[in-house]
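S.K.: here is my input, please return the structure:
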Amino acid sequence: MSPRHIALAVLVAAVWGLNFVLIHVGLQNFPPLLFCALRFAVVAVPAVFFVGPPRVAVRWVLAVGLVLGVVKFGLLFLGMHAGMPAGLSSLVLQGQAVFTALFAAALLGERPGGRRLAGLAVAFAGIGLSAVDHGLGGPVGAFALVVLAAAAWGLSNVLTRRAAPPDALRWMVWVSAVPPLPLLALSLLVEGPEADLRALREITPAGLGAIGYVGLVSTLFGFVAWSYLLRRYDATAVAPYSLLVPVFGMSSAWLLLGEPVSPQACAAALLVITGIGITALRPGASTGPGTVPMPESDAPTDAGARRPRTRPRRSAEPAAARPGRPG
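M.R.: Numbering: from 1, shown residues only. Next comes the predicted model:
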C-alpha cells in the first residue's frame, strides 16, 4: 500500500475507535434506543432515495438490518448506557470475529483450520481476561450485553456473506433504512414517549454532533473509505489495520473520558488483537490478478472478514461475491 493509502487506513481505524467516545456522548443526551434509531436515520435519509435499489433479495436487507442494526447496535448502546466503558466496549466488540467463525461453521458448514482455531482461542482468552477485569469494577450485565452485541454482529457477518451484495454503499444505505422504525417503536415501548420527547426538545449541540459523527463520519465516511481501499488492494493488506480500532478506542476513551486502563485491560487488548491477527493474516496468500478475494463479513472492523481465496476468474462465482463491501 502507498503511504497515502496507509494513512487513510489508519485514519479510518481512528475514526472507528473514536466512535465509541461519541456513542458515550450521545448516550448522555438521548435514551439508548432512540439514539440508535437516530443514528441509522441519519445514514439512510435522504441517501436511500438516491442510491437506487439494493440489488439483493429484500429478505437479506431485512435480516441484516434487523440483526445488525436493531439487535447488535441496540444491545451495544444499552450495554454502554448501563455502564460498559467506551474503551472496553471497543475491545470486547472485536469478539465478533469469534462469533463469526462459530456461526459460519454452524450455518455455512465452514470448518476453520488449526491456525484459525488457535487465533480464535487467543482472542477468546483476551475477552475472558477483560471480563474478569471489568467484573472487578463494573456491572456484569452491561458487559454481557456488549458480548451479545458481538454475537449479533457475527451472525450479521454470515448473513451478509450469503447476501453477497454487489454494491457496498448501496447495501449499507438500505440496511440502515431498516432499523429506525423498529428501534423507535422499542424506544417508545421501553424508554417511554416522555423520555424521547424530552430528549428531542432539549437536544444539545453535543447530542447533534454525536448523531452526525456516529451516522455520517463513522458509518458513511469510514465505510466508503474502507471500500475504496479494499477495491484497490488485497484484503490481507487492508484488514490488519482494523486491529487498530480497539487501540484507538481505548486510548481515546482514556484521553477524552478519563477511563482508566488497567494492566489487565492492556493484556486483554494484546490477546484479542493478536488472536484476531492470527486468524486474519494468511502468509503466502496469492494477491495476483488471477485471484478473487471472497468476502466473509459485513464487518469493517473484523480483520478476518474478507478472507482471500484463490480462484480463477472463470469460476462460476457470482460477481456479487467480489470485494467492494467492508461494513
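
S.K.: ok, so what distance separates I276 from A199?
M.R.: 36 Å (CB to CB, to the nearest Å). To be clear about C-beta, it is placed using only N, CA and C from the backbone, and glycine gets the same treatment.

S.K.: for F50, same thing?
M.R.: F50 is 29 Å from A199, by CB to CB.

S.K.: out of those two, which sits in the more crowded spot?
M.R.: A199 (19 against 8; other CB atoms under 10 Å).

S.K.: name the SS class of the closest residue to that one other than its chain neighbours, please.
M.R.: In this structure, A199 finds its nearest non-sequential neighbour in F30, 4.7 Å apart by CB to CB, 6 or more residues apart in numbering. With DSSP: H, G, I helix; E, B strand; the rest coil as the basis, F30 sits in coil.

S.K.: tally up the residues packed near F30, please.
M.R.: 29.

S.K.: pretty sure it is touching A206, no?
M.R.: No: judged on CB atoms under 8 Å, F30 makes no contact with A206 at a distance of 10.6 Å.

S.K.: any stretches of the stretch 201-327 of the chain with poor pLDDT?
M.R.: 234-237, 239, 279-327 (pLDDT under 70).

S.K.: that older thread, what confidence value was assigned to the residue nearest to A199?
M.R.: F30 carries a pLDDT value of 94.

S.K.: can you check the one 3 residues further on too?
M.R.: pLDDT, the model's per-residue confidence, is 95 for L33.

S.K.: how many residues are close by the residue lying closest to it once chain neighbours are set aside?
M.R.: Distance criterion CB to CB, 6+ apart; nearest residue to L33, sequence neighbours excluded, is S187 at 3.8 Å. A total of 24 residues lie near S187 under the criterion other CB under 10 Å.

S.K.: which ones are touching S187?
M.R.: P31, L33, L34, A37, D196 (CB atoms under 8 Å, 6 or more residues apart in numbering).

S.K.: ok, now V10?
M.R.: Applying CB under 8 Å, 6+ apart, the residues contacting V10 are Y241, L244.

S.K.: any idea which element it lies in?
M.R.: For V10, the element it lies in under DSSP states H and E is helix 3-27.

S.K.: show the average pLDDT along that helix.
M.R.: Here the average pLDDT along helix 3-27 is 90.

S.K.: next SSE after that helix?
M.R.: Following helix 3-27 in sequence, per DSSP H and E, is helix 32-44.

S.K.: tell me which helix or strand comes right after that following helix.
M.R.: Per DSSP H and E, the helix or strand that comes after helix 32-44 is helix 58-64.

S.K.: just checking, what packs against that following helix?
M.R.: Helix 58-64 makes packing contacts with helix 140-163, helix 168-177 when contacts are defined by 3 or more CB pairs under 8 Å, 6 or more residues apart in numbering; DSSP states H and E.

S.K.: neighbouring contacts of the following helix or strand past that helix?
M.R.: Using DSSP H and E, the next helix or strand after helix 58-64 towards the C-terminus is helix 73-81. Under the contact criterion CB under 8 Å, 6+ apart, helix 73-81 has outside partners 20, 23-24, 27, 31-33, 35-36, 39-40, 86, 89, 93, 142-146, 148-149, 152, 179, 183, 186.

S.K.: narrow the residues you listed to those that are buried.
M.R.: Taking 16 or more other CB atoms under 10 Å as the criterion, what is buried in the contacts of helix 73-81 is 20, 23-24, 27, 31-33, 35-36, 39-40, 86, 89, 93, 142-143, 145-146, 148-149, 152, 179, 183, 186.

S.K.: coming back round to it: quick one: the residue nearest to L33 from H81, how far?
M.R.: With CB to CB as the criterion, S187 and H81 are 12 Å apart.

S.K.: just the element for A185, please.
M.R.: Secondary structure (DSSP H and E) places A185 in helix 180-186.

S.K.: so how far is that helix off the chain centroid?
M.R.: Taking CA atoms, centre = their mean, to the nearest Å, one finds helix 180-186 lying 20 Å from the centre of the chain it belongs to.

S.K.: cool, and stretch 149-165?
M.R.: 10 Å.

S.K.: what are the buried residues along that stretch?
M.R.: 149-161, 163-165.

S.K.: between which two of those residues is the distance greatest?
M.R.: Greatest spatial distance in the buried residues of stretch 149-165: A149 and A164, 24.2 Å, computed using CB to CB.

S.K.: so what touches stretch 50-59?
M.R.: V61, A163, A164, P165, P166, D167, L169, R170, W171, V173, W174, A320.
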